[in-house]
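Q: Dropping the sequence and predicted coords here.
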Amino acid sequence: MKAGETANAIQLEKDLEAVKQLYGTRGYVAASVSVEEKPDDSRPTVQYLVRISEGDVYRMGDLKIHGLDSNATARLENDWTLRPGDVYDSSYPGRFVEQAYKEIGDWEYQRPPVCRRKGQNSGCRGPLRSEGHRPQGNGMASRGCKFHSASEF
């Protein structure tokens, strides 16, 4: 907000959150941003005092990936560019995961087929019971997913 503009508390909250996120990208993961309002009824205005406490600069530690096969784990560890000791960027994990999902098809990894429960707008999307089973016809397994029995189809 600029001086003289109409005060907008909702936009101010968004701006303060953006400031906090920006600090997180520079290693200040525990930064706090607060605002103090000082209304002046004699001149119908409000003054905002913004306080930022940076805290310590966080650095990347060790990366540990669990639950994937050795090839996928090695690929992800190789693609992760934050190295131990680098200033931590709190936005990096989200961007990394988004990029990894885009590239996962290139890794010759196939997601298991999923259930699409009949008659539901949202669909189940639960994993099928048999990893090796391929859906027939309409994409639903004859035995159902691990959440629904075959009789529910």
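A: Good, I have the coordinates. As the structure is a prediction and not an experimental result, all values here were calculated from the model.

Q: Can you give me the buried ones in stretch 14-24?
A: Neighbour-count burial for stretch 14-24, with 16 or more other C-beta atoms under 10 Å as criterion, is recorded at 16, 20, 23-24. In short, each C-beta sits where N, CA and C put it, glycine included.

Q: cool, and stretch 88-103?
A: Those buried within stretch 88-103 under the rule 16+ other C-beta under 10 Å are 88-90, 92, 96.

Q: Save those residues as CSV, and put in distance to residue 103 and secondary structure too.
A: Output for the buried residues of stretch 88-103, formatted as CSV (distance: C-beta to C-beta, whole Å; DSSP: H, G, I helix; E, B strand; the rest coil):
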residue, distance to residue 103, secondary structure
88, 23, coil
89, 20, coil
90, 22, coil
92, 16, helix
96, 11, helix
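
Q: Show me the two of those that sit farthest apart.
A: Greatest spacing in those, by C-beta to C-beta: 88 and 96 (12.6 Å).

Q: Make a markdown table out of the buried residues of stretch 88-103 and add pLDDT.
A: A markdown table is the format used below for the buried residues of stretch 88-103 (pLDDT from 0 to 100):
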| residue | pLDDT |
| --- | --- |
| 88 | 95 |
| 89 | 96 |
| 90 | 94 |
| 92 | 94 |
| 96 | 90 |
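
Q: Go through the buried residues of stretch 14-24 and name the one nearest residue 42.
A: residue 16 (26.7 Å).

Q: Just the residues contacting the worst-scoring helix or strand of the chain on mean pLDDT, thanks.
A: Every helix and strand in the chain was compared by mean pLDDT, DSSP states H and E; the lowest is helix 92-103, with a mean of 85. For helix 92-103, contacts defined as C-beta atoms under 8 Å, 6 or more residues apart in numbering pick out 25, 76, 79-82.

Q: These in helices, which ones?
A: Those of the contacts of helix 92-103 mapping onto helices are 25, 76, 79, per DSSP state H.
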